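Undergrad: just the structure for this:
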Amino acid sequence: MTREATRIRVQTANPYDVVVGAGLFGSLPDLLGDRVKRVAVIRPRAMAATGEVIRAELAEGGYVPTLVEIPDSEGAKTAGVAERCWDELGIAGFTRSDAVVGVGGGATTDLAGFVAGTWLRGIKVVHIPTTLLAMVDAAVGGKTGVNTAQGKNLVGVFHEPAGVLCDLNALQTLPTDDLTSGLAEVIKCGFIADPAILGLVERDPGAVLHVGDLLRELVERAITVKARVVGGDLRETISTSGAEVGREVLNYGHTLAHAIERIEAYRLRHGAAVAIGLVYAAELARLAGYLDDATADRHRVVLAAVGLPTSYQRAVWADLFEAMKLDKKTRGEQLRLVILKALGQPAILEAPDPGLLTAAYTAIAR
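TA: Sure thing, here's the model as predicted:
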């Protein structure tokens, strides 16, 4: 992967680039700009070495960097950790012309974006995602947030980054399970908008688990899907039903996925939960009479081919059903789920019959 970096434009009211390539840390000053003086590098313990490299480069470039260490994974996404980050910014004297850089996985970029979006009502943030999941999903789109005891991402703000650097070299040392987890969001993009993604994965499922040109193409395609959706509906103002679903389409498979994560106390990888949620949404659409058997079955086949789970525990359905009611797409007491009417044709299923929801879960339960 020695070719030039790819720039994917996210065309919102505040446009920015997602840069995909290798050896991109040197591009960070271009995204920060000349007015920034202080930069808080928020990174988890696991990213200590990478954070130090970025700190040193920032210092050499004339910035005043501050390293802020946060817990790994979902443990970072709490109000307590956010408060500790705010304290660090206050002690360092951060003003509205300063910036935050989030270095790590999706939990880190969610937390870093939330901290930047709430400090002085919003300062610049640049994301450097180091996992596949963060590159194709969490770091792009301006959604930030923390978890509560009641559910995932229930507290947050929309705060777009000034740019995103997806350095694929970071994936070279990523554990296989984490790489596999990220593929769930890539495959989701294939079902909702870009079927070519599915064909690339199906052609050689083993090859997508290695960092190379194929994985780079999948990353670029998935980011392009998200950029297009976010550019048309940044704040999920297009909703309800009909032909135009808007940004909610990106939550395909996520209603059940977030409920599973809550039941698991976030011990299960997000991508694994999403994979199960995708199969569930496909079964729901099939039973509701919208989706053909071949496309519904394709969900299970392509996800299993890369090692993702496609079923979940039968005994916990009652708990999952209650947790699903807290989904962000719910309006009043009406549950709303993203489904497919056909490949690449998402829709919203509003207030589905509880019996239908149970039947769909029975079809995927083990």
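
Undergrad: got the domain boundaries for this protein?
TA: 6-173, 176-364 (automatic domain parsing).

Undergrad: any chance of these in a markdown table with mean neighbour count and mean pLDDT as columns?
TA: The way it works is simple: take the backbone N, C-alpha and C, and place the C-beta from them, glycine included. Listed next are those as a markdown table, based on neighbours: other C-beta atoms under 10 Å; pLDDT from 0 to 100:
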| stretch | mean neighbour count | mean pLDDT |
| --- | --- | --- |
| domain 6-173 | 20 | 94 |
| domain 176-364 | 19 | 92 |
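
Undergrad: what sits against the residue nearest to Glu88 when sequence neighbours are not counted?
TA: Once flanking residues are discounted, Glu88 sits nearest to Val68: 4.9 Å by C-beta to C-beta, 6 or more residues apart in numbering. Going by C-beta atoms under 8 Å, 6 or more residues apart in numbering, Val68 touches Ala40, Val41, Ile42, Arg43, Cys85, Glu88.

Undergrad: is it correct that Val68 falls within a helix?
TA: No. Counting by DSSP: H, G, I helix; E, B strand; the rest coil, Val68 is not found in a helix; it is strand.

Undergrad: is it bridged to anything, and to what?
TA: Val68 has these beta-bridge partners by DSSP bridges: Ile42.

Undergrad: and the gap between it and Ala49?
TA: Separation of Val68 from Ala49 (C-beta to C-beta, to the nearest Å) stands at 16 Å.

Undergrad: how far away is the residue nearest to Ala76 when sequence neighbours are not counted from Ala170?
TA: Leaving aside its sequence neighbours, Ala76 sits nearest to Ile70 (C-beta to C-beta, 6+ apart; 4.4 Å). Ile70 sits 17 Å away from Ala170, going by C-beta to C-beta.

Undergrad: picking up where we left off before, which two from the contacts of Val68 end up farthest apart in space?
TA: Spatially, the most separated pair among those is Arg43 and Glu88, at 12.4 Å (C-beta to C-beta).

Undergrad: what sits against Thr176?
TA: Leu209, Gly307.

Undergrad: now the helices for the stretch 101-250 of the chain?
TA: 106-118, 132-133, 176-192, 196-203, 213-232 (DSSP state H, counting those that start in this stretch).

Undergrad: could you dump those to CSV with distance to Pro15?
TA: Putting these into CSV (distance: least, C-beta to C-beta, whole Å) gives the following:
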stretch, distance to Pro15
helix 106-118, 17
helix 132-133, 24
helix 176-192, 21
helix 196-203, 24
helix 213-232, 8
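
Undergrad: any idea which of those gets closest to Leu28?
TA: Taking these one by one with C-beta to C-beta, helix 106-118 is closest: 13.9 Å.

Undergrad: what about the closest one, distance to the chain center?
TA: Distance of helix 106-118 from the chain centroid (C-alpha atoms, centre = their mean, to the nearest Å) equals 12 Å.

Undergrad: and the angle for that helix with helix 176-192?
TA: 70 degrees (axes from the mean of the first three to the mean of the last three C-alpha atoms, to 10 degrees).

Undergrad: helix or strand next in line after the one helix or strand Ala347 maps to, which one?
TA: Assigned by DSSP states H and E, Ala347 belongs to strand 345-350. Sequence-wise, the next helix or strand downstream of strand 345-350 (DSSP H and E) is helix 354-364.

Undergrad: so that following helix versus strand 345-350, what angle?
TA: Between helix 354-364 and strand 345-350, the angle comes out at 130 degrees (the same axes, to 10 degrees).

Undergrad: could you list the residues in contact with helix 354-364?
TA: 256, 276, 279-280, 283-284, 287-288, 310-312, 314, 317, 320-321, 324, 335.

Undergrad: repeat for stretch 220-230
TA: Contacts of stretch 220-230 (C-beta under 8 Å, 6+ apart): 6, 8-12, 18, 20, 135-137, 140-142, 166, 185-186, 189, 192-194, 196-197, 200, 246-247, 249-250.
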